[in-house]
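S.K.: need a structure here:
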Amino acid sequence: MQQYSLSILFTLTTLLNIQSQEYFEGEVHFKTTYETLVESVPNELLIQEFGDSLVGYVQEHRYIMKSNTRGASGEQTLLMLMDENLVYFVQEKSDTIYRYPINQVKEELLEVHKIKDETKVILGDVCPALVLNTKNVDPENPFTVTLGKYYYNPKYKLNKEAYKNHKSGHWNAFVNESGAISVRNEVRHEPIYKSVMEAYLILPKEIPDELFNIDRYNKIIVDIE
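M.R.: A predicted model of the protein is given here:
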């Protein structure tokens, strides 16, 4: 009986701690659909290489994105560590982890702004939208511009200060405008494909620090520019 009471107390304490946090911590589950813009790249190939589902594990100063990619390298994981100013790119079937600065800029920010009177109901909440458009400046990247409309849920807040150096993809600009997690991303990756990624499950919960321990992968780390 005492063990049962302690279990209830632990559960209640965890829930209260999560609810008292100012910024979102938890899991966000997405499904992704694709529409190719070129005949030589079928939708099936896009699903294979980029995956059609993604899980985000979010803490205040860092997050992880894990996608069910099905290419030769298996599932892919991105660890975005704002507190260390680093990104780690992990491929399931590769013995190498690639590391680069999170403030690395390979796109020119064209525009970012909220869209007046543009909303969608997602998971029962009315979610406003903003535009984030970038131009690629990396000659090795096949995409020329990325045109995005991102819906966000103000109920799930992000710490703008924590994201200020997250210049990869200019995600700092998104967070500075929205102050919240994105829940639907409608993105056109010129000139190859369009994608829609929408959250179907959001779980506020404590995310264990162990998930962010890069040593647990037991792989070689290589720095890239």
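S.K.: By residue count, what's the longest strand in this structure?
M.R.: strand 107-122 (DSSP state E).
S.K.: Next SSE downstream of that strand?
M.R.: strand 125-136 (DSSP states H and E).
S.K.: Return the list of strands paired to that following strand, each annotated with direction.
M.R.: Partners of strand 125-136 in the sheet, by DSSP bridges, are strand 107-122 (antiparallel), strand 145-157 (antiparallel).
S.K.: where does the closest residue to residue 78 other than its chain neighbours fall, helix, sheet strand or coil?
M.R.: Spatial nearest neighbour of residue 78, chain neighbours left out: residue 65 (4.6 Å); criterion: Cβ to Cβ, 6 or more residues apart in numbering. Every residue, glycine included, has its C-beta placed from N, CA and C. Following DSSP: H, G, I helix; E, B strand; the rest coil, the label given to residue 65 is strand.
S.K.: So residue 65 is in contact with residue 75, correct?
M.R.: No: assessed by Cβ atoms under 8 Å, residue 65 is found out of contact with residue 75, at 11.0 Å.
S.K.: hey, which helix or strand in the protein has the poorest pLDDT?
M.R.: The least trusted helix or strand in the chain, going by mean pLDDT, DSSP states H and E, turns out to be helix 2-20, with a mean of 45.
S.K.: I'd like the next helix or strand past that one.
M.R.: With DSSP H and E, the next secondary element past helix 2-20 is strand 26-36.
S.K.: Taking strand 145-157 as reference, get the angle to that following strand.
M.R.: With axes from the mean of the first three to the mean of the last three Cα atoms, to 10 degrees defining the directions, strand 26-36 sits at 160 degrees from strand 145-157.
S.K.: and strand 26-36, what other elements does it pack with?
M.R.: helix 43-50, strand 53-59, strand 193-204 (3 or more Cβ pairs under 8 Å, 6 or more residues apart in numbering; DSSP states H and E).
S.K.: Centre of the chain to the last one, how far?
M.R.: The chain centroid and the centroid of strand 193-204 are separated by 10 Å, computed with Cα atoms, centre = their mean, to the nearest Å.
S.K.: what's in contact with it?
M.R.: By Cβ atoms under 8 Å, 6 or more residues apart in numbering, the list of residues contacting strand 193-204 from outside reads 18-19, 24-38, 41, 46, 50, 54, 122-123, 153, 156, 181, 183-189.
S.K.: tell me the angle of it relative to strand 26-36?
M.R.: Going by the same axes, to 10 degrees, strand 193-204 makes 170 degrees with strand 26-36.
S.K.: Just the buried residues of strand 193-204, please?
M.R.: 193, 194, 195, 197, 198, 199, 202, 204 (16 or more other Cβ atoms under 10 Å).
S.K.: ok, now which ones touch residue 47?
M.R.: Per Cβ under 8 Å, 6+ apart, neighbours of residue 47: 34, 70.
S.K.: Next one: it from residue 188, what distance?
M.R.: Between residue 47 and residue 188 the distance is 17 Å, computed by Cβ to Cβ, to the nearest Å.
S.K.: what does residue 36 give?
M.R.: Counting by Cβ to Cβ, the gap from residue 36 to residue 188 is 12 Å.
S.K.: In terms of neighbours, single out the busier of these two.
M.R.: residue 188 (18 against 15; other Cβ atoms under 10 Å).
S.K.: Please consider this matter closed, and thank you.
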